[in-house]
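1. Sequence and predicted structure below; questions after.
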Amino acid sequence: MHVPQIAPQEYARLRKTSNPPTLIDVREPWEFERARIEEAKLLPLGDIFEWARTLNPNNAYVVMCHHGVRSAQATLVLQRLGFQDVRNLSGGIDTWAREVDSRVPIY
């Protein structure tokens, strides 16, 4: 199965639209405390089968983590669960901090 990607710059553009995709952060709480994107919802990867049931599979989602590996896994799981519009944030919060928002700490 293919993991759809979205570049941080493209997500930065979409987040300013009238109906942006929901940003899901699948990192651990300590990582979220260290560095985050303001609108991100913390939903750790280890709990995906619990929290996925609370989401509308017809909505648009962008999934992120530190470098994009865990969020790629989450994207695949969500696709298998029937989510149609779900994309992985390429490079994760690390690339976001380097290319979009330098106020976000790099760790």
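-> Perfect, thanks for sending it.
2. Around Q84, how many other residues sit close by?
-> Residues near Q84, counting by other CB atoms under 10 Å, number 11. All C-beta atoms are positioned from the backbone trio N, CA, C, and that covers glycine.
3. Surely it is in contact with P57?
-> Yes: with contact defined as CB atoms under 8 Å, Q84 reaches P57; the gap is 6.8 Å.
4. Same question for stretch 21-29: list its buried residues.
-> For stretch 21-29, the neighbour count (16 or more other CB atoms under 10 Å) marks 21-28 as buried.
5. try stretch 87-103
-> Per 16+ other CB under 10 Å, stretch 87-103 contains these buried residues: 87-97, 100.
6. which one's the longest helix in the chain?
-> Criterion DSSP state H: the longest helix present in the chain is helix 69-80.
7. What segments of the chain are helices?
-> Going by DSSP H, the chain shows helices at 8-14, 29-34, 48-51, 69-80, 92-99.
8. How about residues contacting the last one?
-> With contact meaning CB atoms under 8 Å, 6 or more residues apart in numbering, helix 92-99 is reached by 8-9, 11, 25, 27, 35-37, 64-69, 71, 89, 91, 104-106.
9. Select only the buried ones of those residues in ChimeraX?
-> In ChimeraX syntax, the buried subset of these is picked out as below (16+ other CB under 10 Å):
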select :8,11,25,27,35,36,37,64,65,66,68,71,89,91,104
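10. ok, back up a step: buried residues of the longest helix of the chain, list them for me.
-> Here helix 69-80 shows 70-79 as buried, counting by 16+ other CB under 10 Å.
11. Looking at it now, give me its mean pLDDT.
-> Helix 69-80 shows a mean pLDDT of 98.
12. ok and that helix relative to helix 92-99, angle-wise?
-> Per axes from the mean of the first three to the mean of the last three CA atoms, to 10 degrees, the angle that helix 69-80 makes with helix 92-99 is 120 degrees.
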